[in-house]
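Participant: sharing a model prediction with you, sequence too.
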Number of protein chains: 2
Amino acid sequence: MARRSDHSREEIQHMAVAAAITILNEQGVTGLSARKVAKSIGYTVGTLYLVFKNLDELLLYVNAATLDELHQAITEEAKIHTDPTLSLKSMALAYLHYAQQNSARWSLLFSHQLPDGQLLPDWFEQKIITVFDGVMKPLQQIQPDVNEQAVLQATRELWSGVHGACDLGLSNKLNMGAEFEIEALIESFVENYLFGFAKV
Amino acid sequence: MARRSDHSREEIQHMAVAAAITILNEQGVTGLSARKVAKSIGYTVGTLYLVFKNLDELLLYVNAATLDELHQAITEEAKIHTDPTLSLKSMALAYLHYAQQNSARWSLLFSHQLPDGQLLPDWFEQKIITVFDGVMKPLQQIQPDVNEQAVLQATRELWSGVHGACDLGLSNKLNMGAEFEIEALIESFVENYLFGFAKV
DNA sequence: TGCATTAATGAACAGTGTTCACTATTCTTG
DNA sequence: CAAGAATAGTGAACACTGTTCATTAATGCA
(Lines give C-alpha, C1' and ligand atoms only; values in the text may rest on other atoms or scores of the structure.)
Protein backbone atom coordinates (compact mmCIF):
# COMPACT_ATOMS: atom_id res chain seq x y z
CA MET A 1 0.00 0.00 0.00
CA ALA A 2 2.92 2.31 -0.48
CA ARG A 3 2.67 5.85 -1.81
CA ARG A 4 -1.06 5.32 -2.26
CA SER A 5 -1.95 8.79 -1.24
CA ASP A 6 0.46 11.54 -2.17
CA HIS A 7 1.19 12.99 1.23
CA SER A 8 4.64 14.16 2.10
CA ARG A 9 6.10 13.62 5.56
CA GLU A 10 5.26 17.23 6.40
CA GLU A 11 1.68 16.87 5.19
CA ILE A 12 1.14 13.77 7.29
CA GLN A 13 2.64 15.58 10.29
CA HIS A 14 0.24 18.48 9.85
CA MET A 15 -2.71 16.17 9.38
CA ALA A 16 -1.76 14.24 12.52
CA VAL A 17 -1.42 17.39 14.61
CA ALA A 18 -4.79 18.67 13.37
CA ALA A 19 -6.43 15.30 14.07
CA ALA A 20 -4.92 15.19 17.56
CA ILE A 21 -6.31 18.65 18.29
CA THR A 22 -9.80 17.59 17.19
CA ILE A 23 -9.65 14.49 19.36
CA LEU A 24 -8.42 16.55 22.32
CA ASN A 25 -11.31 18.96 21.92
CA GLU A 26 -13.89 16.23 21.56
CA GLN A 27 -12.63 13.57 23.94
CA GLY A 28 -10.14 15.24 26.26
CA VAL A 29 -6.58 14.26 27.10
CA THR A 30 -7.47 10.69 28.10
CA GLY A 31 -9.34 10.21 24.81
CA LEU A 32 -6.19 10.72 22.77
CA SER A 33 -4.23 7.75 21.44
CA ALA A 34 -1.81 7.00 18.62
CA ARG A 35 -4.22 4.61 16.96
CA LYS A 36 -7.08 7.11 17.04
CA VAL A 37 -4.93 9.82 15.47
CA ALA A 38 -3.69 7.43 12.79
CA LYS A 39 -7.18 6.18 11.99
CA SER A 40 -8.64 9.66 11.70
CA ILE A 41 -6.07 10.66 9.07
CA GLY A 42 -6.51 7.43 7.14
CA TYR A 43 -3.24 5.79 8.06
CA THR A 44 -2.15 3.13 10.57
CA VAL A 45 -0.07 3.47 13.72
CA GLY A 46 3.12 2.43 11.97
CA THR A 47 3.00 5.45 9.67
CA LEU A 48 2.76 7.78 12.65
CA TYR A 49 6.05 6.37 13.92
CA LEU A 50 7.59 6.90 10.48
CA VAL A 51 6.86 10.59 10.78
CA PHE A 52 7.25 11.21 14.53
CA LYS A 53 9.91 9.80 16.81
CA ASN A 54 7.18 8.97 19.31
CA LEU A 55 3.90 10.30 20.73
CA ASP A 56 5.75 12.86 22.82
CA GLU A 57 7.03 14.50 19.68
CA LEU A 58 3.51 14.69 18.24
CA LEU A 59 2.30 16.25 21.49
CA LEU A 60 5.14 18.76 21.33
CA TYR A 61 3.81 20.00 17.98
CA VAL A 62 0.27 20.09 19.34
CA ASN A 63 1.54 22.18 22.24
CA ALA A 64 3.42 24.47 19.87
CA ALA A 65 0.17 25.16 18.02
CA THR A 66 -1.60 25.80 21.33
CA LEU A 67 1.13 28.20 22.40
CA ASP A 68 0.74 30.11 19.12
CA GLU A 69 -3.01 30.41 19.59
CA LEU A 70 -2.57 31.45 23.19
CA HIS A 71 -0.13 34.13 22.14
CA GLN A 72 -2.51 35.41 19.50
CA ALA A 73 -5.46 35.45 21.90
CA ILE A 74 -3.49 37.44 24.44
CA THR A 75 -1.85 39.99 22.17
CA GLU A 76 -5.08 40.73 20.30
CA GLU A 77 -6.48 41.91 23.62
CA ALA A 78 -3.41 43.99 24.31
CA LYS A 79 -3.93 46.10 21.19
CA ILE A 80 -7.37 47.28 22.26
CA HIS A 81 -6.15 49.36 25.20
CA THR A 82 -3.58 52.13 25.40
CA ASP A 83 -3.40 52.06 29.20
CA PRO A 84 -0.87 49.36 30.15
CA THR A 85 -2.74 48.30 33.29
CA LEU A 86 -5.98 47.80 31.38
CA SER A 87 -3.97 46.00 28.73
CA LEU A 88 -2.50 43.54 31.21
CA LYS A 89 -5.85 42.97 32.86
CA SER A 90 -7.56 42.02 29.63
CA MET A 91 -4.59 39.92 28.57
CA ALA A 92 -4.92 38.00 31.81
CA LEU A 93 -8.64 37.50 31.20
CA ALA A 94 -7.93 36.40 27.63
CA TYR A 95 -5.52 33.82 29.03
CA LEU A 96 -8.23 32.58 31.37
CA HIS A 97 -10.87 32.43 28.63
CA TYR A 98 -8.58 30.56 26.28
CA ALA A 99 -7.91 28.03 29.04
CA GLN A 100 -11.63 27.68 29.75
CA GLN A 101 -12.53 27.22 26.11
CA ASN A 102 -9.67 24.86 25.29
CA SER A 103 -9.22 23.10 28.59
CA ALA A 104 -7.81 19.84 27.25
CA ARG A 105 -5.18 21.51 25.06
CA TRP A 106 -4.33 24.05 27.73
CA SER A 107 -3.78 21.45 30.41
CA LEU A 108 -1.77 19.29 28.00
CA LEU A 109 0.47 22.26 27.29
CA PHE A 110 1.44 22.50 30.93
CA SER A 111 1.21 18.91 32.11
CA HIS A 112 3.16 17.35 29.28
CA GLN A 113 6.78 16.61 30.21
CA LEU A 114 9.32 15.16 27.80
CA PRO A 115 10.74 11.81 29.01
CA ASP A 116 14.15 11.41 30.73
CA GLY A 117 14.18 15.08 31.63
CA GLN A 118 14.84 15.97 27.98
CA LEU A 119 14.96 19.71 27.47
CA LEU A 120 12.43 21.52 25.31
CA PRO A 121 13.85 22.26 21.84
CA ASP A 122 15.06 25.78 21.16
CA TRP A 123 12.28 26.65 18.72
CA PHE A 124 9.75 25.77 21.43
CA GLU A 125 11.51 27.83 24.10
CA GLN A 126 11.49 30.69 21.61
CA LYS A 127 7.69 30.48 21.45
CA ILE A 128 7.50 30.78 25.24
CA ILE A 129 9.73 33.84 25.12
CA THR A 130 7.45 35.37 22.48
CA VAL A 131 4.44 35.00 24.76
CA PHE A 132 6.33 36.60 27.64
CA ASP A 133 7.44 39.42 25.33
CA GLY A 134 3.81 40.35 24.76
CA VAL A 135 3.31 40.71 28.51
CA MET A 136 6.59 42.55 28.93
CA LYS A 137 5.72 45.53 26.73
CA PRO A 138 2.98 47.01 28.94
CA LEU A 139 5.18 46.42 32.00
CA GLN A 140 7.94 48.46 30.36
CA GLN A 141 5.43 51.23 29.80
CA ILE A 142 4.61 51.26 33.50
CA GLN A 143 8.26 51.35 34.57
CA PRO A 144 10.28 52.76 31.65
CA ASP A 145 13.37 53.51 33.71
CA VAL A 146 13.92 50.18 35.38
CA ASN A 147 16.53 47.86 33.84
CA GLU A 148 15.41 45.16 31.40
CA GLN A 149 16.48 42.31 33.65
CA ALA A 150 14.03 43.47 36.31
CA VAL A 151 11.17 43.82 33.84
CA LEU A 152 11.97 40.38 32.50
CA GLN A 153 11.61 38.95 35.97
CA ALA A 154 8.48 40.96 36.76
CA THR A 155 6.91 39.56 33.59
CA ARG A 156 7.47 36.07 34.91
CA GLU A 157 6.23 36.96 38.38
CA LEU A 158 3.03 38.46 37.05
CA TRP A 159 2.36 35.72 34.54
CA SER A 160 3.07 32.94 37.01
CA GLY A 161 0.29 34.39 39.10
CA VAL A 162 -2.17 34.56 36.26
CA HIS A 163 -1.24 31.05 35.23
CA GLY A 164 -1.54 29.69 38.75
CA ALA A 165 -4.95 31.24 39.23
CA CYS A 166 -6.19 29.70 35.97
CA ASP A 167 -4.68 26.33 36.83
CA LEU A 168 -6.10 26.10 40.34
CA GLY A 169 -9.34 27.79 39.33
CA LEU A 170 -10.14 25.47 36.43
CA SER A 171 -9.40 22.37 38.49
CA ASN A 172 -11.50 23.56 41.42
CA LYS A 173 -8.58 23.69 43.79
CA LEU A 174 -9.07 27.27 44.93
CA ASN A 175 -12.04 26.42 47.10
CA MET A 176 -13.88 29.48 46.03
CA GLY A 177 -17.39 29.73 47.27
CA ALA A 178 -19.93 30.68 44.65
CA GLU A 179 -19.84 34.17 46.15
CA PHE A 180 -16.86 35.33 44.12
CA GLU A 181 -15.65 34.32 40.74
CA ILE A 182 -12.34 33.65 39.09
CA GLU A 183 -12.52 36.65 36.73
CA ALA A 184 -12.74 39.08 39.65
CA LEU A 185 -9.93 37.27 41.43
CA ILE A 186 -7.61 37.58 38.45
CA GLU A 187 -8.41 41.24 37.90
CA SER A 188 -7.80 42.03 41.53
CA PHE A 189 -4.58 40.03 41.46
CA VAL A 190 -3.21 41.94 38.47
CA GLU A 191 -4.15 45.22 40.13
CA ASN A 192 -2.42 44.35 43.39
CA TYR A 193 0.69 43.03 41.74
CA LEU A 194 1.04 46.02 39.44
CA PHE A 195 0.66 48.39 42.36
CA GLY A 196 3.63 46.71 43.97
CA PHE A 197 5.57 46.66 40.73
CA ALA A 198 5.02 50.41 40.22
CA LYS A 199 6.17 51.25 43.76
CA VAL A 200 9.91 51.75 43.12
CA MET B 1 -5.93 -17.74 50.35
CA ALA B 2 -8.52 -15.89 52.35
CA ARG B 3 -7.78 -14.05 55.60
CA ARG B 4 -4.22 -15.31 55.39
CA SER B 5 -2.72 -12.22 56.84
CA ASP B 6 -4.69 -10.36 59.44
CA HIS B 7 -5.00 -7.02 57.76
CA SER B 8 -8.20 -5.05 58.00
CA ARG B 9 -9.51 -3.05 55.05
CA GLU B 10 -8.10 0.09 56.66
CA GLU B 11 -4.68 -1.49 57.19
CA ILE B 12 -4.49 -2.55 53.56
CA GLN B 13 -5.54 0.94 52.50
CA HIS B 14 -2.78 2.50 54.56
CA MET B 15 -0.21 0.01 53.29
CA ALA B 16 -1.25 0.70 49.70
CA VAL B 17 -1.02 4.46 50.12
CA ALA B 18 2.43 4.13 51.73
CA ALA B 19 3.61 1.81 48.96
CA ALA B 20 2.28 4.18 46.27
CA ILE B 21 4.20 7.06 47.84
CA THR B 22 7.42 5.03 47.85
CA ILE B 23 6.96 4.10 44.19
CA LEU B 24 6.19 7.72 43.30
CA ASN B 25 9.38 8.86 45.00
CA GLU B 26 11.51 6.20 43.39
CA GLN B 27 10.01 5.89 39.92
CA GLY B 28 7.93 8.99 39.34
CA VAL B 29 4.30 9.29 38.25
CA THR B 30 4.71 7.11 35.17
CA GLY B 31 6.31 4.37 37.28
CA LEU B 32 3.17 3.91 39.36
CA SER B 33 0.72 1.12 38.58
CA ALA B 34 -1.93 -0.90 40.39
CA ARG B 35 0.02 -4.12 39.99
CA LYS B 36 3.21 -2.60 41.40
CA VAL B 37 1.39 -1.25 44.45
CA ALA B 38 -0.33 -4.58 45.03
CA LYS B 39 2.89 -6.55 44.67
CA SER B 40 4.82 -4.33 47.05
CA ILE B 41 2.28 -4.86 49.85
CA GLY B 42 2.13 -8.62 49.23
CA TYR B 43 -1.32 -8.78 47.64
CA THR B 44 -2.65 -9.05 44.10
CA VAL B 45 -4.46 -6.46 42.01
CA GLY B 46 -7.85 -7.86 42.82
CA THR B 47 -7.42 -7.07 46.51
CA LEU B 48 -6.65 -3.46 45.68
CA TYR B 49 -10.04 -3.21 43.99
CA LEU B 50 -11.66 -4.75 47.02
CA VAL B 51 -10.39 -1.90 49.14
CA PHE B 52 -10.49 1.01 46.67
CA LYS B 53 -13.20 1.78 44.14
CA ASN B 54 -10.48 2.35 41.57
CA LEU B 55 -6.96 3.77 41.16
CA ASP B 56 -8.31 7.32 41.27
CA GLU B 57 -9.50 6.74 44.80
CA LEU B 58 -6.08 5.45 45.84
CA LEU B 59 -4.48 8.54 44.28
CA LEU B 60 -6.94 10.73 46.16
CA TYR B 61 -5.64 9.34 49.46
CA VAL B 62 -2.05 9.76 48.30
CA ASN B 63 -2.85 13.38 47.46
CA ALA B 64 -4.50 13.86 50.84
CA ALA B 65 -1.28 12.74 52.54
CA THR B 66 0.72 15.08 50.32
CA LEU B 67 -1.57 17.97 51.17
CA ASP B 68 -1.11 17.26 54.88
CA GLU B 69 2.68 17.24 54.54
CA LEU B 70 2.58 20.39 52.46
CA HIS B 71 0.49 22.10 55.10
CA GLN B 72 2.89 21.05 57.81
CA ALA B 73 5.95 22.19 55.85
CA ILE B 74 4.38 25.61 55.26
CA THR B 75 3.02 26.30 58.73
CA GLU B 76 6.21 25.21 60.46
CA GLU B 77 7.94 28.02 58.60
CA ALA B 78 5.23 30.47 59.57
CA LYS B 79 5.87 29.99 63.28
CA ILE B 80 9.50 31.08 63.02
CA HIS B 81 8.76 34.71 62.16
CA THR B 82 6.62 37.29 63.91
CA ASP B 83 6.62 39.69 60.96
CA PRO B 84 3.78 38.61 58.65
CA THR B 85 5.65 39.56 55.46
CA LEU B 86 8.68 37.50 56.44
CA SER B 87 6.31 34.73 57.43
CA LEU B 88 4.63 34.67 54.02
CA LYS B 89 7.96 34.80 52.22
CA SER B 90 9.35 31.80 54.00
CA MET B 91 6.04 29.96 53.63
CA ALA B 92 6.27 30.51 49.89
CA LEU B 93 9.85 29.22 49.85
CA ALA B 94 8.81 26.21 51.93
CA TYR B 95 6.13 25.49 49.32
CA LEU B 96 8.76 25.66 46.59
CA HIS B 97 11.19 23.43 48.46
CA TYR B 98 8.55 20.84 49.18
CA ALA B 99 7.68 20.79 45.48
CA GLN B 100 11.34 20.44 44.54
CA GLN B 101 11.97 17.63 46.98
CA ASN B 102 8.76 15.74 46.26
CA SER B 103 8.23 16.58 42.62
CA ALA B 104 6.32 13.45 41.66
CA ARG B 105 3.85 13.70 44.53
CA TRP B 106 3.51 17.45 44.13
CA SER B 107 2.73 17.27 40.45
CA LEU B 108 0.32 14.39 41.02
CA LEU B 109 -1.51 16.51 43.59
CA PHE B 110 -2.25 19.15 40.98
CA SER B 111 -2.46 17.16 37.76
CA HIS B 112 -4.77 14.47 39.05
CA GLN B 113 -8.38 15.00 38.05
CA LEU B 114 -11.24 12.75 39.09
CA PRO B 115 -13.04 11.19 36.11
CA ASP B 116 -16.39 12.46 34.70
CA GLY B 117 -15.83 15.81 36.34
CA GLN B 118 -16.57 14.27 39.74
CA LEU B 119 -16.19 16.78 42.54
CA LEU B 120 -13.56 16.40 45.24
CA PRO B 121 -15.03 14.94 48.45
CA ASP B 122 -15.77 17.34 51.29
CA TRP B 123 -13.01 16.05 53.57
CA PHE B 124 -10.50 16.75 50.79
CA GLU B 125 -11.82 20.27 50.17
CA GLN B 126 -11.51 20.83 53.91
CA LYS B 127 -7.81 20.03 53.70
CA ILE B 128 -7.38 22.65 50.96
CA ILE B 129 -9.16 25.19 53.13
CA THR B 130 -6.83 24.34 56.02
CA VAL B 131 -3.78 25.08 53.87
CA PHE B 132 -5.28 28.40 52.79
CA ASP B 133 -6.09 29.22 56.41
CA GLY B 134 -2.41 29.05 57.27
CA VAL B 135 -1.66 31.64 54.59
CA MET B 136 -4.61 33.76 55.61
CA LYS B 137 -3.44 34.49 59.15
CA PRO B 138 -0.41 36.62 58.26
CA LEU B 139 -2.51 38.43 55.65
CA GLN B 140 -5.03 39.32 58.34
CA GLN B 141 -2.19 40.72 60.44
CA ILE B 142 -1.17 42.98 57.56
CA GLN B 143 -4.71 44.25 56.99
CA PRO B 144 -6.67 43.72 60.24
CA ASP B 145 -9.51 46.05 59.30
CA VAL B 146 -10.45 44.68 55.91
CA ASN B 147 -13.43 42.32 55.76
CA GLU B 148 -12.83 38.58 55.84
CA GLN B 149 -14.18 38.00 52.35
CA ALA B 150 -11.45 40.23 50.92
CA VAL B 151 -8.69 38.50 52.89
CA LEU B 152 -10.05 35.16 51.76
CA GLN B 153 -9.72 36.26 48.16
CA ALA B 154 -6.30 37.82 48.68
CA THR B 155 -5.12 34.52 50.13
CA ARG B 156 -6.10 32.80 46.92
CA GLU B 157 -4.57 35.52 44.77
CA LEU B 158 -1.25 35.34 46.58
CA TRP B 159 -1.11 31.57 46.72
CA SER B 160 -2.08 31.14 43.09
CA GLY B 161 0.97 33.19 42.26
CA VAL B 162 3.31 31.15 44.42
CA HIS B 163 1.82 27.96 43.02
CA GLY B 164 2.10 29.14 39.41
CA ALA B 165 5.73 30.14 39.86
CA CYS B 166 6.57 26.73 41.32
CA ASP B 167 4.62 24.95 38.60
CA LEU B 168 6.19 26.81 35.68
CA GLY B 169 9.58 26.99 37.35
CA LEU B 170 9.89 23.27 38.06
CA SER B 171 8.80 22.32 34.54
CA ASN B 172 11.21 24.79 32.95
CA LYS B 173 8.47 26.82 31.36
CA LEU B 174 9.50 30.19 32.76
CA ASN B 175 12.42 30.49 30.38
CA MET B 176 14.61 31.87 33.05
CA GLY B 177 18.17 32.35 32.06
CA ALA B 178 20.70 31.04 34.54
CA GLU B 179 21.18 34.66 35.61
CA PHE B 180 18.33 34.66 38.08
CA GLU B 181 16.81 31.92 40.12
CA ILE B 182 13.36 30.82 41.13
CA GLU B 183 13.85 31.56 44.86
CA ALA B 184 14.56 35.22 44.17
CA LEU B 185 11.61 35.40 41.78
CA ILE B 186 9.21 34.05 44.39
CA GLU B 187 10.49 36.36 47.11
CA SER B 188 10.18 39.37 44.85
CA PHE B 189 6.72 38.26 43.80
CA VAL B 190 5.48 37.99 47.38
CA GLU B 191 6.95 41.40 48.16
CA ASN B 192 5.30 43.06 45.19
CA TYR B 193 1.94 41.46 45.78
CA LEU B 194 1.91 42.29 49.48
CA PHE B 195 2.77 45.91 48.72
CA GLY B 196 -0.32 46.07 46.55
CA PHE B 197 -2.42 44.25 49.14
CA ALA B 198 -1.38 46.68 51.87
CA LYS B 199 -2.23 49.73 49.77
CA VAL B 200 -5.87 50.24 50.78
C1' DT C 1 9.82 -5.32 -18.58
C1' DG C 2 12.18 -6.28 -14.46
C1' DC C 3 14.33 -4.72 -10.43
C1' DA C 4 15.54 -1.94 -6.56
C1' DT C 5 13.52 1.29 -3.58
C1' DT C 6 10.60 2.54 -0.08
C1' DA C 7 5.79 3.91 1.74
C1' DA C 8 2.65 1.61 4.41
C1' DT C 9 1.00 -2.07 6.96
C1' DG C 10 -0.55 -4.70 10.96
C1' DA C 11 0.67 -8.43 13.91
C1' DA C 12 3.25 -8.83 18.05
C1' DC C 13 5.09 -7.41 22.71
C1' DA C 14 4.91 -5.73 27.13
C1' DG C 15 2.54 -2.93 29.65
C1' DT C 16 -1.99 -0.45 31.55
C1' DG C 17 -6.83 -0.31 34.56
C1' DT C 18 -10.62 -3.13 35.71
C1' DT C 19 -13.72 -7.21 36.41
C1' DC C 20 -15.32 -11.45 38.24
C1' DA C 21 -15.78 -16.55 38.44
C1' DC C 22 -13.44 -19.16 41.35
C1' DT C 23 -10.65 -21.03 45.40
C1' DA C 24 -9.31 -21.53 50.00
C1' DT C 25 -9.82 -20.15 54.60
C1' DT C 26 -12.38 -18.82 58.47
C1' DC C 27 -16.76 -18.30 61.36
C1' DT C 28 -21.14 -19.92 62.62
C1' DT C 29 -24.56 -23.02 63.37
C1' DG C 30 -26.63 -27.76 64.27
C1' DC D 1 -16.97 -31.60 66.70
C1' DA D 2 -18.56 -31.70 61.75
C1' DA D 3 -21.04 -29.36 57.96
C1' DG D 4 -22.19 -25.43 55.72
C1' DA D 5 -22.41 -20.56 54.98
C1' DA D 6 -19.70 -16.49 54.44
C1' DT D 7 -16.05 -14.11 52.53
C1' DA D 8 -10.84 -12.73 51.81
C1' DG D 9 -8.03 -13.27 48.16
C1' DT D 10 -6.79 -14.75 43.62
C1' DG D 11 -5.38 -14.42 38.85
C1' DA D 12 -6.94 -15.18 34.23
C1' DA D 13 -9.33 -12.44 30.95
C1' DC D 14 -10.74 -8.12 28.45
C1' DA D 15 -9.99 -4.07 26.09
C1' DC D 16 -7.00 -0.83 25.86
C1' DT D 17 -2.12 1.68 25.69
C1' DG D 18 2.79 3.02 23.18
C1' DT D 19 6.18 1.08 20.28
C1' DT D 20 8.68 -2.02 16.95
C1' DC D 21 9.72 -4.29 12.71
C1' DA D 22 9.34 -8.11 9.33
C1' DT D 23 6.45 -8.19 5.50
C1' DT D 24 3.78 -6.40 1.62
C1' DA D 25 2.80 -3.73 -2.29
C1' DA D 26 3.18 0.30 -5.13
C1' DT D 27 6.34 3.20 -7.49
C1' DG D 28 10.58 5.21 -10.25
C1' DC D 29 14.37 3.93 -12.82
C1' DA D 30 17.46 1.14 -15.90
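Facilitator: Yes, it's here.
Participant: for the closest residue to residue A:32 other than its chain neighbours, pull up the helix or strand it's in.
Facilitator: Leaving aside its chain neighbours, residue A:32 sits nearest to residue A:23 (5.2 Å; criterion: Cβ to Cβ, 6 or more residues apart in numbering or on different chains). For every residue, glycine as well, the C-beta is placed using N, CA and C. Element membership of residue A:23, judged by DSSP states H and E, is helix A:9-27.
Participant: burial count for the residue nearest to residue A:32?
Facilitator: 19 (other Cβ atoms under 10 Å in any protein chain shown).
Participant: tell me the secondary structure for residue A:177?
Facilitator: Using DSSP: H, G, I helix; E, B strand; the rest coil, the structure places residue A:177 in coil.
Participant: still on that earlier bit, average pLDDT for the helix holding residue A:23?
Facilitator: The average pLDDT for helix A:9-27 rounds to 97.
Participant: enumerate the positions of that helix that are buried.
Facilitator: Across helix A:9-27, burial judged by 16 or more other Cβ atoms under 10 Å in any protein chain shown covers A:12-13, A:15-17, A:19-21, A:23-24.
Participant: go on, stretch A:86-100?
Facilitator: When burial is assessed from 16+ other Cβ under 10 Å, stretch A:86-100 yields the following buried residues: A:87-96, A:98-99.
Participant: same check, this time on stretch A:119-127
Facilitator: A:120, A:124, A:127.
Participant: which members of those additionally contact chain B?
Facilitator: residue A:120 (Cβ under 8 Å from any Cβ of the partner chain).
Participant: got the buried residues of stretch A:119-127 as a markdown table, with secondary structure and pLDDT columns?
Facilitator: Below are those laid out as a markdown table (DSSP: H, G, I helix; E, B strand; the rest coil; pLDDT from 0 to 100):
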| residue | secondary structure | pLDDT |
| --- | --- | --- |
| A:120 | coil | 94 |
| A:124 | helix | 96 |
| A:127 | helix | 96 |
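Participant: can you name the residue of chain A nearest to chain B?
Facilitator: residue A:164 (2.4 Å; Cβ to the nearest Cβ).
Participant: on the three-state scheme, residue A:185 is what?
Facilitator: Look at residue A:185: counting by three-state DSSP, its state is helix.
Participant: that one: what's it in contact with?
Facilitator: Contacts here follow Cβ atoms under 8 Å, 6 or more residues apart in numbering or on different chains; on that basis residue A:185 touches A:165, A:169, A:174, A:176, B:153, B:156-157, B:160.
Participant: out of those residues, which are inside helices?
Facilitator: A:165, A:169, B:153, B:156-157, B:160 (DSSP state H).
Participant: the residue nearest the centre of chain A: helix or strand, and which one exactly?
Facilitator: Closest to where the C-alpha atoms of chain A average out (Cα atoms, centre = their mean) is residue A:67, at 4.1 Å. Assigned by DSSP H and E, residue A:67 belongs to helix A:55-80.
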